[in-house]
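Enquirer: Sequence plus the predicted model coming up.
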Amino acid sequence: MADFLLEIGTEEIPSADLYSAMEQLYAACIELKQQQNLLFDEKKLEIVGTPRRLAVLISDFPAKQADIESKKVKGPPAAAAFKDGKPTQAAAGFAKSQGVKVSDLKIEPTEKGDYLFAVTKIAGKPSEKIFALELPALIQSLQFKKAMRWEDNIRFIRPIRWLVAMLDNKVINFSLGTLKSGNTTYGHRLLHPGLLKIDKAGNYKKIMQKAKVVSEPEKRARIIERALNGIKEGFINLDDTRIQQTFCEVVNLVENPSILIGHFDKRFLKLPRKVVETVLQSHQRYFPTSPLTNAFAVIHNGNPNKVELIKHGHEKVVKARLEDAEFYLHEDTQKKLSGRVKDLNGIVFQNKLGTLLDKTKRLEYLVKQIATKLNLNAGEQKTVVKAAALAKADLLTSMVGEFDELQGFIGAEYALREGEAKPVATAIAEQYLPRHGKDILPKSKAGAVLSLADRIDTISAYISIGILPTSAGDPYALRRAATGLVDIILVHNLPLSISWLAGLAYRRLAKDFKNLEKENIVVERVSDLINQRLEFRLSQKGIDYDIIRAVTALEIEQPVDFKERAQSLQTIRSRNPKTLQELITVFSRAHSIADSKLGLKVNSGLLKEKAEKVFYERLQGTEKSIDKEIRVKKYVEAVKLLVTLRPTVDNFFDEVLVMANEAPLRRNRHALLNRFVATCLKVADLSKIVKT
């Protein structure tokens, strides 16, 4: 057993790509293990990385690959091969014919009894030779959206400058272009420049530590977290989503994290808070305090002994950026948002779908229709229509031109400064929420309706010209838009039908544009996309796949209703699985015999047996009760009512011959079963649920 090390030394790798590369490198090592029969313990595989390096560390690595079984030949029966525990001539002759020793023969059971088998193996190659052949391909298997090419057409996220490959103290020799592997690396660019020799693979992390490089991202994260929690100038809210994003990015921007506290002129606190935070976080990867003060934290990679010089540089950059923001604010507020709306006609939304002014007009129409459908009062309707009219105007401002992540927020800020009502400004600010999977949702009704309208318009518009997400990509982020739409509907409990929304958006679009796909096709595709995201979201919330499938089969129009049904069945399965099992059992029995072609109409005059009369009477009463529970979405109670029918249904099957010789009786009994099955289907298609 030995320790294995592979280090890929590079120019600075972007933070997000470093995370991706580490994940891919882990997967590539597991794949190499399986392909080459390298039996190392996956728990002893560690991937580490910094902006300048990626490294694979595996302890207790086998010296060679496991032997590979190449051929297995059946020989004589074991009874004939051994006598009194000693091999007979039959065993010796079989071993000789296969080129193996008698002691290597194995006895294995077969259908005809125990037989002798000869197994020929190919001896495993030394691990060093396998690595020499496989490591170049492993390195180049890493994929990046924007890779660089250089000599010998090598592709990687950044140019590779050195390679280290070792088993214990021995170098694994291979080449990648003109680069050759060795046992020398580099430490921290500023704190420990120059070449370093690695004497042994197992000492890698210790050597890096002495060279002022914290190679493990998790360790850097702990150092940064302690530093941020220990500052005296203010509180850094590490629970805030945007702070977390900055934190995750900064972890992979430094090799030896240090903290400093910078300050900016307090006059800049007159700028909108979001503007200051965006300058600090999104553009500079600094950490603002909460509540906002003129202090900010910087995680840097420089020499701690030169902190004053480093701090001055960071403060100078922040000052310049905030002065820009100050200038943009002054320039932007010389013109009202309402005065910018007409200029949206100069910004193309999509070549076949018109301009942002066209989209704005569609939004005004959609929010009004949705608000009416939701029975919003006159004041709320006025608010959301006004917000829709101004929603995209801030895209023409200098502030958004420089800080595009402020779109929506800046519109809200300027709307307030111009005297618009706060609910209007809030809706403008919330129109893009949620921006990503972990983002907050709109809190106001107007904001929810505007965001909803924006998403259904975008999804329907692109799909109407044949643009859909594929397995290869989703360049217009339609899946993300659909997921956000689902989240808004569910959190705000909006009783809206997806097909109604899609049809509404399509018909408004069709007033302005021709050559679109047919309405029924677009509505179906939009519904499919959004329902896929609904199912995905429910699965994330712990709803079992078979329960989701059981509700999907009913083609429920409203996501809220879908969620209620699925959650109710999941609740029953979790709290009282016997109840659900009893219903599935009785449903399956009826469903397997029922014939839907014979309809639901039961002729009471043809009910001859007592058991079928009781079944019909009980079913009629239960149907009414179930309909009442379903109207108020009490699906748990509906299921319990269905379960009460089990003894009656069981008795029906025990006492009544469904397949009676007389055709009228047979049809009538099938209709009775159809009625029961149809009543169950008012909740879900129970045939899709796996018995538990």
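Expert: Happy to help now that I have it. Treat the numbers as computed from the prediction; the structure is a model and nothing was measured.
Enquirer: where does Gln34 land on pLDDT?
Expert: pLDDT, Gln34: 87.
Enquirer: dump the residue contacts of the spatially most central residue of the chain.
Expert: For the chain, the residue sitting closest to the mean C-alpha position, by CA atoms, centre = their mean, is Gly437 at 7.9 Å. Neighbouring residues of Gly437 by CB atoms under 8 Å, 6 or more residues apart in numbering: Arg480, Thr483. Placement of C-beta: from N, CA and C, glycine included.
Enquirer: swap in Leu271?
Expert: Leu322, Ala325, Glu326, Leu329.
Enquirer: what's the distance between it and Pro257?
Expert: For Leu271, the distance to Pro257 (CB to CB, to the nearest Å) stands at 29 Å.
Enquirer: Okay, strands next: where are they in the stretch 101-250 of the chain?
Expert: Assigned by DSSP state E, counting those that start in this stretch, the strands in the stretch 101-250 of the chain fall at 106-110, 113-122, 148-150, 154-156, 160-167, 170-171, 175-176, 179-180, 184-186, 195-197.
Enquirer: go on, the stretch 251-400 of the chain?
Expert: Counting by DSSP E, counting those that start in this stretch, the stretch 251-400 of the chain has these strands, from start to end: 258-263, 287-288, 295-300, 348-350, 354-355.
Enquirer: Which stretch among those is buried most, on average?
Expert: Across those, averaging neighbours per residue (mean count of other CB atoms under 10 Å) puts strand 287-288 on top, at a mean of 27.
Enquirer: tell me the mean pLDDT for it?
Expert: Rounded mean pLDDT across strand 287-288 is 96.
Enquirer: For that strand, name the packing helices and strands.
Expert: Counting contacts by 3 or more CB pairs under 8 Å, 6 or more residues apart in numbering; DSSP states H and E, strand 287-288 is packed against helix 241-251, strand 295-300.
Enquirer: Neighbouring strands of it in the sheet, and parallel or not?
Expert: strand 295-300 (antiparallel) (DSSP bridges).
Enquirer: re earlier: check the strands of the stretch 101-250 of the chain for me and report the most buried one.
Expert: Ranked by mean neighbours (mean count of other CB under 10 Å), these are led by strand 160-167, with a mean of 21.
Enquirer: Show residues contacting that one.
Expert: Contacts for strand 160-167 (CB under 8 Å, 6+ apart): 2-11, 55, 61, 127-128, 131, 135, 139, 154, 171-174, 176, 179-186, 198, 200-201.
Enquirer: what about dumping the CA coordinates of that strand to CSV?
Expert: Extracted in CSV, the C-alpha atoms of strand 160-167 (Å, rounded to 0.1, in the frame of the first residue of the first chain):
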residue,chain,number,x,y,z
ILE,A,160,-1.5,24.2,-16.7
ARG,A,161,1.9,25.2,-15.4
TRP,A,162,3.2,22.2,-13.5
LEU,A,163,2.2,18.6,-12.7
VAL,A,164,3.0,16.4,-9.7
ALA,A,165,2.3,12.7,-9.7
MET,A,166,3.7,10.4,-7.0
LEU,A,167,3.2,7.0,-5.3
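Enquirer: helices or strands up against the lowest-mean-pLDDT helix or strand in the chain?
Expert: Lowest by mean pLDDT, DSSP states H and E among the helices and strands of the chain is strand 68-77, with a mean of 78. For strand 68-77, the helices and strands in contact under the criterion 3+ CB pairs under 8 Å, 6+ apart are helix 89-98, strand 113-122.
Enquirer: ok, of the ones you listed, where does mean pLDDT dip lowest?
Expert: strand 113-122 (a mean of 82).
Enquirer: what lines up beside that one in the sheet?
Expert: When DSSP bridges is applied, strand 113-122 pairs with strand 68-77 (antiparallel), strand 106-110 (antiparallel).
Enquirer: Put together JSON lines for the ones you listed, with distance to Gln24 on each row.
Expert: Below are the strands paired with strand 113-122 laid out as JSON lines (distance: least, CB to CB, whole Å):
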{"stretch": "strand 68-77", "distance to Gln24": "27"}
{"stretch": "strand 106-110", "distance to Gln24": "41"}
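Enquirer: Just the buried positions in the longest helix seen in the chain, please.
Expert: Longest helix of the chain, by residue count under DSSP state H: helix 307-332. Using 16 or more other CB atoms under 10 Å as the test for burial, helix 307-332 gives Val307, Ile310, Lys311, His314, Glu315, Val318, Arg321, Leu322, Ala325, Tyr328, Leu329, Asp332.
Enquirer: For the strands of the stretch 101-250 of the chain, give me a markdown table that also has distance to Ile556.
Expert: Below are the strands of the stretch 101-250 of the chain laid out as a markdown table (distance: least, CB to CB, whole Å):
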| stretch | distance to Ile556 |
| --- | --- |
| strand 106-110 | 54 |
| strand 113-122 | 58 |
| strand 148-150 | 49 |
| strand 154-156 | 47 |
| strand 160-167 | 53 |
| strand 170-171 | 63 |
| strand 175-176 | 55 |
| strand 179-180 | 59 |
| strand 184-186 | 59 |
| strand 195-197 | 63 |
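Enquirer: Which one of those has the poorest average confidence?
Expert: Of all the strands of the stretch 101-250 of the chain, strand 113-122 has the smallest average pLDDT, which comes to a mean of 82.
Enquirer: For it, give me every contacting residue.
Expert: Contacting residues not belonging to strand 113-122 are listed as 67-79, 81, 91, 94-95, 98-100, 104-108 [CB under 8 Å, 6+ apart].
Enquirer: likewise stretch 465-485?
Expert: 350, 352-353, 433-434, 436-437, 441, 451-452, 455-456, 458-459, 462-463, 515-517, 525, 529-530, 532-533, 536-537.
Enquirer: One more: stretch 348-367?
Expert: Stretch 348-367 has contacts (CB under 8 Å, 6+ apart) with 341-342, 344-347, 384-385, 387-389, 391-392, 395, 449-450, 453-454, 456-457, 461-462, 465, 504-505, 508-509, 512-513, 515.
Enquirer: That stretch: which residues count as buried?
Expert: 349, 353-367.
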